[in-house]
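Peer 1: No letters, just coordinates:
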């Protein structure tokens, strides 16, 4: 395949980002396919979701689970929500021009990036005037009905976004678990990856494939490299202080948010 070396690079980078931040990898794959291979937004969305059907984060999830940074109950609830809503997101994307929603989503991500990076606190800490304290180990009852219902709701919202933009949903899942279920960064990352192990994007892939918007020849090598890259990303995250991971995640959100704003 002529574009195989490029797909290997894209898949590896997306996999590392996936393992580090609990995303599916679509936030990297979709713009890369559009920029380097000339895919349309919808064609890139469908192909990205197809690449994410395999359990590409399985080895990364094993590492997170061994370090008690993956809760199976919330991950299952998020997965149910994702599966139920991805079809609708894909249908919206195919049937409408999602520019307004794309811009609103971009603004939200930029705002979240600001909160995670906390440049004012970072500058104050750099000057030695303030130390930013971040929770390293959240004490979360993952079996409580409240946490499971919140996880289900997060999965529904993430599923719509997944179908609309071809992303795995982790860009929504991770910050939402932290904000509404009091997960720490690493626990949210591992739980998000756990939710994305199942083929939650299958309804969306089927919807895109009905309109010929899926290229399995491109999706296959991306999936393989996602799986390998995710192991590296997970081990990097588990080895870093949570404060550092939060800031790296903030910069990642900034990149994705600007990508949605500029592409709108």
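Peer 2: Noted; the coordinates are in hand. All values derive from a computational prediction rather than experimental measurement. Numbers count the residues shown, from 1 in each chain.
Peer 1: What are the boundaries of the helices in the stretch 51-200 of the chain?
Peer 2: Remark: helices assigned in the stretch 51-200 of the chain by DSSP state H, counting those that start in this stretch are 58-66, 72-95, 99-117, 119-126, 145-165, 170-180, 185-195.
Peer 1: looking at the ones you listed, which is closest to residue 208?
Peer 2: Smallest distance to residue 208 across those (C-beta to C-beta): 5.7 Å, for helix 72-95. Where C-beta positions appear, they are placed from N, C-alpha and C, glycine not excepted.
Peer 1: Please state the offset of that closest one from the chain centre?
Peer 2: 13 Å (C-alpha atoms, centre = their mean, to the nearest Å).
Peer 1: what's that helix packed up against?
Peer 2: Taking 3 or more C-beta pairs under 8 Å, 6 or more residues apart in numbering; DSSP states H and E as contact, the helices and strands that helix 72-95 lies on are helix 41-51, helix 145-165, helix 185-195, helix 202-210.
Peer 1: That one: which residues count as buried?
Peer 2: 74-91, 93-94 (16 or more other C-beta atoms under 10 Å).
Peer 1: and what of stretch 219-232?
Peer 2: 219, 221-232.
Peer 1: any chance of those residues in TSV, plus pLDDT?
Peer 2: Shown next, in TSV, are the buried residues of stretch 219-232 (pLDDT from 0 to 100):
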residue	pLDDT
219	96
221	96
222	96
223	95
224	94
225	95
226	94
227	93
228	93
229	95
230	95
231	94
232	95
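Peer 1: could you dump the residues you listed to a markdown table with secondary structure and distance to residue 60?
Peer 2: A markdown table is the format used below for those (DSSP: H, G, I helix; E, B strand; the rest coil; distance: C-beta to C-beta, whole Å):
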| residue | secondary structure | distance to residue 60 |
| --- | --- | --- |
| 219 | helix | 19 |
| 221 | helix | 19 |
| 222 | helix | 16 |
| 223 | helix | 14 |
| 224 | helix | 14 |
| 225 | helix | 13 |
| 226 | helix | 10 |
| 227 | helix | 9 |
| 228 | helix | 10 |
| 229 | helix | 9 |
| 230 | helix | 4 |
| 231 | helix | 6 |
| 232 | helix | 9 |
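Peer 1: Please tell me I have it right and residue 79 contacts residue 200.
Peer 2: Yes - using C-beta atoms under 8 Å, residue 79 is in contact with residue 200, at 5.4 Å.
Peer 1: before we move on, the earlier item: most tightly surrounded among the helices and strands packed on helix 72-95?
Peer 2: helix 185-195 (a mean of 30; mean count of other C-beta atoms under 10 Å).
Peer 1: For that one, give the mean pLDDT please.
Peer 2: Averaged across helix 185-195, pLDDT comes to 93.
Peer 1: Taking their axis directions, it and helix 72-95 sit at what angle?
Peer 2: 70 degrees (axes from the mean of the first three to the mean of the last three C-alpha atoms, to 10 degrees).
Peer 1: and of the helices and strands packed on helix 72-95, who's closest to residue 245?
Peer 2: Proximity of the helices and strands packed on helix 72-95 to residue 245 was assessed by C-beta to C-beta; the nearest stretch is helix 185-195, lying at 5.1 Å.
Peer 1: the inter-axis angle of the closest one versus helix 58-66?
Peer 2: 130 degrees.
Peer 1: Give me the nearest residue to residue 207, chain neighbours excluded.
Peer 2: Residue nearest to residue 207 in three dimensions, not counting chain neighbours: residue 90, with 3.9 Å by C-beta to C-beta, 6 or more residues apart in numbering.
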